[in-house]
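Chemist: Below is the sequence, then the predicted model.
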Amino acid sequence: QVPRAPSQPLASSESRRFTNKHSKKALKASLTLGILLGMFFVAWLPFFVTNVAQAVCGCVPAGFFDVLTWLGYCNSTMNPIIYPLFMRDFKRAMGKFLPCCRRSGEPRPSAISLSMRNSNSAPRAATSLKNVL
């Protein structure tokens, strides 16, 4: 029999904790994606089915077609509500730029820092093929 080293149970518990953490993140990502796709299909599938039916038989009333179109538009208005509810990173990013969502201790980014970040004028480390090799 081989004696166990004292570090083995620790490594095992760390790997379990790591796996648990990542499986929770994957579950949450799957849930968010499922809700987004489900809402998309519920909102737009009736519109597309009705659109095909209208092309084939022309038997769809204009008012009903308008209602289904607006149902699809409502789905587009729901996305900015769904993303912050389920995605912490999205919530943080929006909190940096919207004054209503910013925490009291966080400074507001200046227009200069935003333009520097979005342009290619910021100083960067020179990377060339010679430096990489």
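Modeler: Arrived safely.

Chemist: Show me what the longest helix along the chain is packed up against.
Modeler: In the chain, ranked by residue count with DSSP state H as the criterion, the top helix is helix 7-57. Counting contacts by 3 or more C-beta pairs under 8 Å, 6 or more residues apart in numbering; DSSP states H and E, helix 7-57 is packed against helix 62-86. No exception for glycine: its C-beta is placed from N, CA and C like everyone else's.

Chemist: Run the angle between the helix it packs on and helix 7-57 for me.
Modeler: Comparing the axes of helix 62-86 and helix 7-57 via axes from the mean of the first three to the mean of the last three C-alpha atoms, to 10 degrees yields an angle of 170 degrees.

Chemist: Show me which positions of whichever helix or strand comes after helix 62-86 end up buried.
Modeler: Counting by DSSP states H and E, the element after helix 62-86 in chain order, helix or strand, is helix 88-97. Judged by neighbour count (16 or more other C-beta atoms under 10 Å), helix 88-97 contains these buried residues: Met94.
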